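**Student:** Pasted the sequence and its predicted model underneath.
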Amino acid sequence: MTHPASAAIRTFALAALVSLRVTDVGAQSPPPAAASAQNVVVLIGTGLGTAATTAARVMRYKEDGSLTMDTMPYLARVKTWALDAQTSDSAAAISALLTGVKVRNDVVAMDGTTRSIGFAPGKDPIRSVPNAENHCPATGNGAPSRTLLELAVAKNKSTGLVTTGRLTGGGAAAAYAHVCHRDAEFEVARQAVPGGAGFNPNLGRGVDVMMGGISSMWRPFEAAKRPRGRPDGRELVGEMQTLGYTFVSDLTAMNAAPIAPGSRIIGLYDFAEEQGAMSYELDRDPKREPSLAAMTSKAIDVLSNNRNGFVLIVEGGRIDQALQAGNARRALNDTIAFDDAVKVALDRVDLTKTLVVVTGDHDTTMTLIGGGLRGADILGLHMNPVTGKPDVDAGGLPYTSLVFGTGANRPDKRGPLDSPTVLHKDYVQESAIKLPAGTNGGGDVVLRAGGAGSSNFRGTLDNTRVFALIRKAAEL
């Protein structure tokens, strides 16, 4: 018969062991954090849902591996609906993350009364430049909402924004501009130029570091050289240089740009100008075009000189574009590049006084088909774990492990697939519903957090709540 005292001792020991194991699961224990975060780094992967994250992890590190973001100590689920839709676009989703205000799709950092329908920008009537005329009324259609960068400026902190998308794109624009329709990108650009016509006065001396694609919205129209340039003739890059910004357009110039106190950078990269963004990571020339990680590192170098701290927004802006194109290989490579930027951020900052938040803005319709062979190429054919051969559908035809709910590749009748076809870098995965392009998905996204003030990021949060928690942690 077991003695009651011995049973009690064993019960206590077992409870202690269970507690220890739960505490020790996952990453190393987070370092002691300050009561508030002096610095904030927010990394947003566009379209970075759970399927993209999982597939990228398997592609790079296999099933039992971990992305850098997986090692962060605190997690939450984030709801991403827009004010007028079950599924958000990047403009509405990132506006919610960076202002704490729920808005309609296509609206950039305005309030909930703002409408985008009926206010799409128009073509310039003389030069035929698309989206050159801003049709958002000056009054009567909502009001701006304060962004994290504006709040940081008010606290005399340095500010930065880097993206692989356009600096004027709907997601990146939500960091520093206010407009009723995301396509009014010529209007967005002028809001970044300190003291110029249309400048956003809440940016003070301006955002200290801005880097991304492309230069068309920032430089004047030239019929032969820059047919999508500004019809108003303004040379915004030149105006910013006059104000002390260093202009960079390639990796060499970025690396050479000064990082001394007071330094400011405007970087515009045109290597994938026809795509309207920076290059996909799979296509990037590593000798000429900076990676997202390199831009993140440079921004931290510049911003860290401010004794009051800094706020940096990092956008992996092309993940979503590859997913909407149905091209999983480019999407996963850009996800890995985004994770590399997460590693840079975690390695380069002092986590005892810096909050690092990593999240997606919204999901997409990509999914992983379960039951495949462990160790098989996640981008390849779905392999049977028993036979080691490709699985087949009801018609006897192979299929891939990654598919989409919506997209352009929806054949009327499925044909045979082979490994060389589906593993090609330009292969577009099949979709259930045929549309000209894939759509966003309405599923929750996962948020990871680490550093000062990160322990409050837990549970299921609305995306507007993310802003509130960041603001509280940094006392903005």
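**Tutor:** Received, thanks. All values reported here derive from a predicted model rather than from experimental measurement.
**Student:** Do you have the strands of the stretch 1-150 of the chain handy? List them.
**Tutor:** Taking DSSP state E, counting those that start in this stretch as the test, the strands found in the stretch 1-150 of the chain are 39-45, 74-79.
**Student:** Point out the other helices and strands that the longest one packs with.
**Tutor:** With contacts defined as 3 or more C-beta pairs under 8 Å, 6 or more residues apart in numbering; DSSP states H and E, the packing partners of strand 39-45 are helix 90-99, helix 148-154, helix 292-303, strand 310-316, helix 328-348, strand 354-360, helix 463-474. Any C-beta I mention is one placed from the backbone N, CA and C, and that applies to glycine too.
**Student:** For those, give me a markdown table that also has mean neighbour count.
**Tutor:** Formatted as a markdown table, those follow (neighbours: other C-beta atoms under 10 Å):
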| stretch | mean neighbour count |
| --- | --- |
| helix 90-99 | 30 |
| helix 148-154 | 23 |
| helix 292-303 | 24 |
| strand 310-316 | 29 |
| helix 328-348 | 24 |
| strand 354-360 | 28 |
| helix 463-474 | 20 |
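**Student:** any chance you could read off phi and psi for the closest residue to residue 127 other than its chain neighbours?
**Tutor:** Leaving out its chain neighbours, the residue that sits closest to residue 127 by C-beta to C-beta, 6 or more residues apart in numbering is residue 231, at 5.0 Å. The phi and psi values for residue 231, taken as degrees, to the nearest 10, are phi -70, psi -20.
**Student:** can you pull the contacts of residue 231?
**Tutor:** Shown in contact with residue 231 (C-beta atoms under 8 Å, 6 or more residues apart in numbering): 124, 126, 127, 129, 132, 186, 221.
**Student:** cutoff 7 Å now
**Tutor:** By C-beta atoms under 7 Å, 6 or more residues apart in numbering, the contact set of residue 231 is 124, 126, 127, 129, 132, 221.
**Student:** measure residue 394 to residue 380 for me?
**Tutor:** According to C-beta to C-beta, to the nearest Å, residue 394 stands 21 Å off from residue 380.
**Student:** Between these two, which has more neighbouring residues?
**Tutor:** Applying other C-beta atoms under 10 Å to residue 394 and residue 380 shows that residue 380 carries more neighbours, namely 19 against 6.
**Student:** just checking, that one touches residue 423?
**Tutor:** Yes: counting by C-beta atoms under 7 Å, residue 423 is a contact partner of residue 380 at 5.7 Å.
**Student:** Would you state the helices of the chain in chain order?
**Tutor:** 4-24, 50-61, 90-99, 148-154, 170-173, 185-190, 236-242, 251-256, 292-303, 319-324, 328-348, 419-422, 463-474 (DSSP state H).
**Student:** I'd like to know which of the ones you listed lies nearest to residue 207.
**Tutor:** Across those, residue 207 has its closest neighbour in helix 148-154 (6.2 Å, C-beta to C-beta).
**Student:** Residue 335 reaches residue 322, doesn't it?
**Tutor:** No: Residue 335 is not in contact with residue 322 according to C-beta under 7 Å; the separation is 9.0 Å.
**Student:** what bits of the stretch 151-300 of the chain have low per-residue confidence?
**Tutor:** Scanning the stretch 151-300 of the chain for pLDDT under 70 picks out nothing.
**Student:** all strands in it, in order from the N-terminus.
**Tutor:** Secondary structure of the stretch 151-300 of the chain (DSSP E, counting those that start in this stretch): strands at 158-166, 209-213, 245-248, 264-268.
**Student:** Would you mind finding the most buried of the strands of the stretch 1-150 of the chain?
**Tutor:** Mean neighbour count (mean count of other C-beta atoms under 10 Å) peaks for strand 39-45 among the strands of the stretch 1-150 of the chain, with a mean of 27.
**Student:** Just the CA coordinates for it, please, in PDB.
**Tutor:** C-alpha atoms of strand 39-45 as PDB (Å, rounded to 0.1, in the frame of the first residue of the first chain):
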ATOM      1  CA  ASN A  39      12.200  51.000 -29.700                       C
ATOM      2  CA  VAL A  40       9.700  49.100 -31.800                       C
ATOM      3  CA  VAL A  41      10.200  47.000 -34.900                       C
ATOM      4  CA  VAL A  42       7.000  45.800 -36.600                       C
ATOM      5  CA  LEU A  43       7.500  43.300 -39.400                       C
ATOM      6  CA  ILE A  44       4.400  42.600 -41.600                       C
ATOM      7  CA  GLY A  45       4.400  39.900 -44.300                       C
END
